[in-house]
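The following comprises the amino acid sequence and a computationally predicted model.
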Amino acid sequence: MIRSRLLVVHSGRYGQSEKIARFLAADLENWPGCECRCEGLAQLAEDQLEDCQGLVMVTSVHYGRVVAPSTGWALRHRQFLSAVPTALAVVSLSEGRRAGARSRPSEPALHGPTQTFLAKTGWRPDRIALVEGALEYPKYSPINRRAIHCLERALGRPTDLNQSHEYTDWDQVARFGRDFAALADQSASR
Ligand SMILES: Cc1cc2nc3c(=O)[nH]c(=O)nc-3n(C[C@H](O)[C@H](O)[C@H](O)COP(=O)(O)O)c2cc1C
């Protein structure tokens, strides 16, 4: 029997938020009594929210900000977001690894782009995670490739410009998903 219908939405630029969202949704589908769909924010139809009992948004940071479509969407759907259990996964790089490649991502409460996003939208997700993303140099424009390469060098972690580098901790993503599934489950059985 299906107890909770969940939706994982994603918005990013180069595909890492989508990859994380798809991983999360596939994992949530295995949670007993849970049905989970995954959709890009740009493709999401309003009626897909109608039978949704919990929502996870996966979105990325570019040039110090959560990408604009996520901010606009969260603002327009404030009412819905305050009515069901929700979670936010913010995908970024420099904030999490500033103190070195092995450091854990910093607290959401200390993460500037996340706090700005929450203040702008008024959304209070039940769970928030900072997730490490990826560097996908081959997909970037020459200007972005150069800018990110310089930033990485300045932060003391030089990277090969000709390759992609993935830093996502998939165990962290799975734990985040299961924690949210348990919360949605509790809420559905109340
Ligand atoms: C042009 C550009 C700007 C970025 N700016 C930031 C930034 O300001 N802070 C940060 O932590 N990560 C930054 N990143 C890293 C991205 O958040 C990371 O690559 C993430 O995986 C992107 O996810 P997406 O493919 O879903 O957009 C930037 C990446 C690019 C390509």
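Alright, I've got the coordinates. Numbers count the residues shown, from 1 in each chain.

How is the chain partitioned into domains?
Taking automatic domain parsing as the reference, the chain has its domains at 4-133+170-188, 134-167.

Quick one: closest of those to the ligand.
Distance to the ligand, taken as Cβ to the nearest ligand atom, is lowest for domain 4-133+170-188 among the domains of the chain, at 2.1 Å. For the C-beta atoms, the positions are set from N, CA and C on the backbone; glycine is no exception.

Assess the claim that Pro113 and Val91 are in contact.
No. The pair Pro113 / Val91 is not scored as a contact, 10.4 Å apart, by Cβ atoms under 8 Å.

Pull up the overlap in contacts between these two.
Taking Cβ atoms under 8 Å, 6 or more residues apart in numbering as the criterion, Pro113 and Val91 both touch Val61.

And the two? Which one has more around it.
Neighbours were counted for Pro113 and for Val91 using other Cβ atoms under 10 Å; Val91 has more, 29 against 20.

so the more buried one bridges to which residues?
Beta-bridge pairing for Val91 (DSSP bridges): Ser60, Val131.

That one touches Ile20, doesn't it?
Yes. Counting by Cβ under 8 Å, Val91 touches Ile20, with 6.2 Å between them.

joint contacts of those two?
Joint contacts of Val91 and Ile20 (Cβ under 8 Å, 6+ apart) are Val58, Val131, Thr168.
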